[in-house]
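**Student:** Please work out how this folds:
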Amino acid sequence: MARLKLVIANKNYSSWSMRAWVLLRALGIDFEEVRLKFSPDVSVIGIERYSAAGKVPVLLVDAEPVWDSLAICETVAELFPEKHIWPREKRARQVARSLCAEMHSSFRAMRNSMPMNIRGRHPGKGMNPDTRRDIDRVVSIWQECRRNFGAGGDLLFGQFSAADAYFAPVAMRFATYAVELPTAAQAYAGSVRALRSVREWTDAAKLETAFIAAEEPYATP
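**Tutor:** Alright, predicted model coming up:
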């Protein structure tokens, strides 16, 4: 069995770290957590020891690095095929992979205007026409997946998949900024936040005391 270490940064702020961590934890995959910290300029202190790319997350598989969250997902899928990281049905798998890739490359306005801040509460902050378009797209994705693939449970494809890990930080953003959602989307966001793996992450995030000003645009001086 491969020995796994997952290198992450601050749990309050690091949405990409959250995706990989929640994926592994939700599926019951054993790993050692290596938690680094962001510097004031949001670079990751000490990351050069683990990856030349300079970003988190990094999955060490028998001490060999796999970087970028999509590569981590596919590597974990190869190592643990019995965990069904992707949905079992062919069309559902295609959609799930597409959604993760879209999350990976899109939603820039929402990322910039509503940075993940699990400890924070900033109702209404960050909303603008570009952010609204990103939110509307997320809501559309959630509603369509629940309608077309969600019959087997409360998540996008019924049971947990990589797609739910990818949207977990978005569900946290919607709580932080008190984004109003249609009933089905709100129910899905609640189901994600209720996952044990997500609750474990958020509980740890709330215990952190580091304050990164670049990630706190709405903090009161």
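**Student:** And Ala184, how far from Leu27?
**Tutor:** 25 Å (C-beta to C-beta, to the nearest Å). To be clear about C-beta, it is placed using only N, CA and C from the backbone, and glycine gets the same treatment.
**Student:** List the contacts of Ile141.
**Tutor:** By C-beta atoms under 8 Å, 6 or more residues apart in numbering, the contact list for Ile141 reads Leu99, Glu102.
**Student:** can you rerun that using 7 Å?
**Tutor:** Residues in contact with Ile141 (C-beta atoms under 7 Å, 6 or more residues apart in numbering) are Leu99.
**Student:** quick one: it and Pro57, what's the gap?
**Tutor:** 23 Å.
**Student:** What pLDDT is listed against Arg93?
**Tutor:** Arg93 carries a pLDDT score of 98 in this model.
**Student:** Which residues are in contact with it?
**Tutor:** Trp86, Pro87.
**Student:** all helices for this structure, in order.
**Tutor:** 15-26, 69-79, 90-105, 108-113, 129-149, 162-176, 183-194, 196-207 (DSSP state H).
**Student:** now the ones you listed in TSV, with distance to Ile45?
**Tutor:** Shown next, in TSV, are the helices of the chain (distance: least, C-beta to C-beta, whole Å):
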stretch	distance to Ile45
helix 15-26	14
helix 69-79	20
helix 90-105	24
helix 108-113	22
helix 129-149	30
helix 162-176	21
helix 183-194	29
helix 196-207	18
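**Student:** out of Ala184 and Leu27, which sits in the busier spot?
**Tutor:** Using other C-beta atoms under 10 Å as the criterion, Ala184 and Leu27 rank with Leu27 on top: 18 against 15.
**Student:** neighbours of the closest residue in space to the more buried one that isn't next to it in sequence, just the number please.
**Tutor:** Leaving aside its sequence neighbours, Leu27 sits nearest to Lys83 (C-beta to C-beta, 6 or more residues apart in numbering; 4.5 Å). Neighbour count for Lys83, taken as other C-beta under 10 Å: 17.
**Student:** can you check the one 3 residues further on too?
**Tutor:** Trp86 has 21 neighbouring residues, counting by other C-beta under 10 Å.
**Student:** Contacts only, for it.
**Tutor:** Trp86 neighbours (C-beta under 7 Å, 6+ apart): Ala77, Arg93, Ala96, Arg97, Ser161, Ala162.
**Student:** Weed out the non-buried ones from those.
**Tutor:** Arg93, Ala96, Arg97, Ser161, Ala162 (16 or more other C-beta atoms under 10 Å).
**Student:** wait, what's in contact with Asp57?
**Tutor:** Small correction: residue 57 is Pro, not Asp. Contacts of Pro57 by C-beta under 7 Å, 6+ apart are Leu6, Val7, Ile8, Trp16, Ser17, Ala20, Ser69, Ile72.
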